[in-house]
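In: just the structure for this:
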Amino acid sequence: MTTTTLAVLVPLLPFLGAAAGLLLGRTAPGFVRPLAVLPSLAALALAAVVAVRQGGDAAIDSATELTPTGSVPVELALHIDGFAALVAVLVAFVATCVQIYSTGYLRDDPRYPSYAALVSLFTSAMLLVVYSGDLIVLLVGWEVMGICSYFLVGHYWETQEARAASIKAFLVTKLGDVPFLIGLFALATDAGSFRITKILSTVANGGLHHPTLIALLLLAGVAGKSAQFPLHTWLPDAMAGPTPVSALIHAATMVAAGVYFVARLLPVFEASSAAMVVLAVMAAVTMAGSGLAALAQDDIKRVLAYSTIGQLGYMTGALAVGDRGAAVFHLLSHGAFKALLFLAAGVIIHASGTNSLAAMSRMGNLRARVPDAFWTMTVALLALAAIPPFSGFFSKESVLGAAEHAASGDTAHIPGVAGWIVLVAGLLAALLTAAYATRLWLLAFHGRGVEAPDHGRQPVAMNAVLWVLAVPSLALGGLAYRVLPDWFDGRDLTPTLTTSVLGTGVALVGGIVTYGAWRHTTALAARTPLGAVAAHPEGDAGLVEAEAIASHTPAYGDVASAPDPADPGRLLLGPLHRHAASGFHLDAVYAALFVRPVMAAASLVRFLDREVVDTYVRGAGTLPRLLGAAVRRAQTGNMQTYVSALLAGTVVLTVAVLLVATGA
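Out: All right, here's what the predicted structure looks like:
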């Protein structure tokens, strides 16, 4: 079987699994789990074969035009280079882990069949984006992911939080997709084609007429999809969905699509120095702001959500300094340890009896209860904090090294200021990342919150997936920076001494300072007793999560006293904590600038429609009705009245005629 045929099957198999799952979910429930897991597993195997055959050599290109579409043709095209081959393996790997994990996490969920089918469709759409060689076909996968995220984030649609989060995710990403679509059309108009290879050839020959405008329009869509400032606000709220969905969105689909798109079309953005500076500023604000916000969150999944935003900022920062190898390297390592973090959080959610909206400060005695989650999450947090030799160190160091290289002016087509912006923001983000990772670890596993009733050991499928994901989180970085250059245009990913020392140093400072702050606050809080809690009935993790979201309380009951004050984040942030906890009030700003004016305009239109337009409509109907009523009153059915009226009319007409004749 040819490599092209295998590549076509990679996104096709999850799509067929989704279709079969939707059709057989109710009539043959026994097939639901095999139809969820096996297509993703088969896609993973085929994606691995495609990656081995591609081997970092020349890109695999294939295209066919099904029907003429006008002056700019749309083709079913594949363009598989080293980046695409490896990202497809990541997507299929994480999706398979999520599907296996979900068989245990949502084992009693009545809507599991539709959930599993949507996850398969989500996977298929992302794989289509990865392999597509035509921008319109890529756009199809791009938009299908938006629809899938709407349904999956709103899986617990009975709750107001899930409904609001799904609508917000859909609308904010669509806000970025409008200029993105315009940018795609402008790009294709300049290049005369939607084919990626032809577009890159046009850029190389200087054929773009409006590079800055096109790049900025495309960046709007990237900011929405990859949750970058200022369109990042939907991602923390999307935590209202099931935890495995969060792992899928944050690790391998949706948010990775924007970064991958820029990596694939990086020469388009490099054609405009202004666009690269804008990208660098966007990355810097995202990294710093998300790090501060994560340090102030009390919900474990919101901490991880802001963490994802910040790590995506590293990737866009690497792209801003012209190093797509470093960006995709960090995308791969981040996909492994972030999936592990979310899935381990799902185990904690079940074991602690808390929900996706509950506070880490209420968690207690979890280290002994969930040893699998404790050890694997420790590995993932060390990778997140970029502590050597974990994978995050090597990939994050490649980003900082690329920024240092650009800041020194050694990178062609990249403004030196972009390098300095990314380097300074990256070091600050490394400090903050280590701080909130340490805080999460201390509060989740060493907190003094009230202990919830033991729900029993987690399903084997959930714990097994954690250990599978722990392997690349630990070993991927050390192996990848030696092997990946063959897939990444030969770009050297070896850590450099300066940025390695700086990055690791600030990370250690962030972790140590946070630990010291925790010890200090713990000593002060030792005299603060926590209230007792009511028992929560045992149940499956997904149901615990859904019930707790609906009740706005910890799933194990209500805590009589205030949450544990031993939170180092409050001490470290000081007066900034309140603002960081609310995401620096960006939602309130958007509400004041956009939502309220739109609502006011809608109210005005409604008033005009009701009081002005409807008045004319009612008036147009009232006049005939009054005339009809007058005529109806004249029809009494009394013959004497009719004769009297006839005689009176005759007399009046006679008198009128005589008067006219006399006057003449």
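
In: how about the helices in the stretch 251-400 of the chain?
Out: Residue ranges of the helices in the stretch 251-400 of the chain, as given by DSSP state H, counting those that start in this stretch, are 255-264, 266-270, 273-296, 300-320, 324-352, 371-384, 391-407.

In: quick one: closest of those to D486.
Out: Closest to D486 of the helices of the stretch 251-400 of the chain, according to C-beta to C-beta: helix 324-352, at 10.9 Å. Every C-beta, even on glycine, is put in place using the N, C-alpha and C of the backbone.

In: show me what that closest one packs onto, helices and strands only.
Out: helix 82-105, helix 243-251, helix 255-264, helix 300-320, helix 371-384, helix 391-407, helix 460-483, helix 541-551 (3 or more C-beta pairs under 8 Å, 6 or more residues apart in numbering; DSSP states H and E).

In: and the second one, how far out from the chain middle?
Out: Its chain's C-alpha centre and that of helix 243-251 lie 9 Å apart, by C-alpha atoms, centre = their mean, to the nearest Å.

In: end to end, how far does stretch 61-77 reach?
Out: End-to-end distance for stretch 61-77: 7 Å, by C-alpha to C-alpha, to the nearest Å.

In: so how far is it off the chain centroid?
Out: That offset, for stretch 61-77, works out to 30 Å (C-alpha atoms, centre = their mean).

In: cool, stretch 434-453 as well?
Out: Here the centre of stretch 434-453 is set off from its chain's centre by 25 Å, with C-alpha atoms, centre = their mean.

In: can I get the helices of the stretch 251-400 of the chain in CSV including mean pLDDT?
Out: Below are the helices of the stretch 251-400 of the chain laid out as CSV (pLDDT from 0 to 100):
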stretch, mean pLDDT
helix 255-264, 95
helix 266-270, 95
helix 273-296, 96
helix 300-320, 95
helix 324-352, 91
helix 371-384, 94
helix 391-407, 93
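
In: let me have these in CSV, extended by distance to T662.
Out: Converted to CSV, those look like this (distance: least, C-beta to C-beta, whole Å):
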stretch, distance to T662
helix 255-264, 95
helix 266-270, 95
helix 273-296, 93
helix 300-320, 98
helix 324-352, 104
helix 371-384, 110
helix 391-407, 108
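
In: can you put the ones you listed in TSV and add distance to Q54 and mean neighbour count?
Out: Output for the helices of the stretch 251-400 of the chain, formatted as TSV (distance: least, C-beta to C-beta, whole Å; neighbours: other C-beta atoms under 10 Å):
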stretch	distance to Q54	mean neighbour count
helix 255-264	15	26
helix 266-270	19	22
helix 273-296	28	24
helix 300-320	22	29
helix 324-352	14	28
helix 371-384	27	23
helix 391-407	21	28
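
In: out of these, flag the one nearest G490.
Out: Per C-beta to C-beta, nearest to G490 of the helices of the stretch 251-400 of the chain: helix 324-352, 8.8 Å.

In: in the protein, where is pLDDT below threshold?
Out: 352-359, 364-365, 448-456, 481, 526-565, 664 (pLDDT under 70).

In: a markdown table for the helices and strands packed on helix 324-352, including distance to F194?
Out: Listed next are these as a markdown table, based on distance: least, C-beta to C-beta, whole Å:
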| stretch | distance to F194 |
| --- | --- |
| helix 82-105 | 17 |
| helix 243-251 | 27 |
| helix 255-264 | 13 |
| helix 300-320 | 22 |
| helix 371-384 | 37 |
| helix 391-407 | 30 |
| helix 460-483 | 32 |
| helix 541-551 | 41 |
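
In: which among those is found nearest to P575?
Out: helix 300-320 (19.4 Å).

In: distance from whichever helix or strand G621 is part of to the middle of the chain?
Out: Assigned by DSSP states H and E, G621 belongs to helix 614-634. Put simply, helix 614-634 sits 57 Å off its chain's centre (C-alpha atoms, centre = their mean).

In: between helix 614-634 and whatever helix or strand comes next after that helix, find me the angle.
Out: Downstream of helix 614-634, the next assigned helix or strand under DSSP H and E is helix 639-663. Put simply, helix 639-663 runs at 100 degrees to helix 614-634, going by axes from the mean of the first three to the mean of the last three C-alpha atoms, to 10 degrees.

In: distance check, T433 against G478.
Out: 20 Å (C-beta to C-beta, to the nearest Å).

In: what about these two, which has more around it?
Out: T433 (30 against 14; other C-beta atoms under 10 Å).

In: returning to that earlier point: please put the alpha-carbon coordinates of the helix holding G621 into CSV.
Out: Provided in CSV are the C-alpha atoms of helix 614-634 (Å, rounded to 0.1, in the frame of the first residue of the first chain):
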residue,chain,number,x,y,z
ASP,A,614,-45.3,47.7,14.5
THR,A,615,-47.3,51.0,15.0
TYR,A,616,-47.5,51.5,11.2
VAL,A,617,-48.4,47.9,10.7
ARG,A,618,-51.1,48.1,13.4
GLY,A,619,-52.3,51.4,11.9
ALA,A,620,-52.6,49.9,8.4
GLY,A,621,-54.8,47.2,9.8
THR,A,622,-56.8,49.5,12.1
LEU,A,623,-58.2,51.9,9.4
PRO,A,624,-59.8,49.1,7.3
ARG,A,625,-61.2,47.6,10.5
LEU,A,626,-62.8,50.9,11.5
LEU,A,627,-64.3,51.3,8.0
GLY,A,628,-65.6,47.8,8.1
ALA,A,629,-67.1,48.4,11.5
ALA,A,630,-68.9,51.5,10.2
VAL,A,631,-70.2,49.7,7.2
ARG,A,632,-71.3,46.8,9.4
ARG,A,633,-73.3,49.1,11.7
ALA,A,634,-75.1,50.4,8.6
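
In: oh, and call the first residue 40 from now on, that's how I've got it
Out: Noted, 40 is the first residue going forward, which turns the last one into helix 653-673.

In: touching stretch 615-632 from outside, list them.
Out: 269, 272, 275, 328, 331-332, 334-337, 608-609, 612 (C-beta atoms under 8 Å, 6 or more residues apart in numbering).

In: please redo it, this time with the cut-off set to 10 Å
Out: Here stretch 615-632 makes contact (C-beta atoms under 10 Å, 6 or more residues apart in numbering) with 207, 211, 268-273, 275-276, 328-337, 341, 345, 348, 606, 608-610, 612, 634-636, 638.

In: now that stretch: buried residues?
Out: Within stretch 615-632, the residues that count as buried by 16 or more other C-beta atoms under 10 Å are H616, A619, A620, G622, D626.

In: likewise stretch 67-84?
Out: In stretch 67-84, counting by 16+ other C-beta under 10 Å, buried: 70-72, 74-76, 78-84.

In: ok, now stretch 246-259?
Out: Applying 16+ other C-beta under 10 Å to stretch 246-259 flags L247, H249, P250, L252, I253, A254, L255, L256, L257, L258, A259 as buried.

In: farthest-apart pair in those residues, please.
Out: That would be L247 and A259, which, of the buried residues of stretch 246-259, are the farthest apart (C-beta to C-beta) at 17.7 Å.

In: what residues are up against the nearest residue to T135 once chain neighbours are set aside?
Out: Take T135 and drop its neighbours on the chain: the residue closest to it by C-beta to C-beta, 6 or more residues apart in numbering is S79, 4.3 Å away. Residues in contact with S79 (C-beta under 10 Å, 6+ apart) are 52-53, 56, 130-139, 155, 158-159, 162-163, 166.

In: could you do H271 as well?
Out: So H271 contacts 211, 262-263, 265, 294, 321, 324-325, 328-329, 332, 344-345, 347-349, 351-352, 622, 625 (C-beta under 10 Å, 6+ apart).

In: phi, psi of I119?
Out: phi -110, psi 100 (degrees, to the nearest 10).
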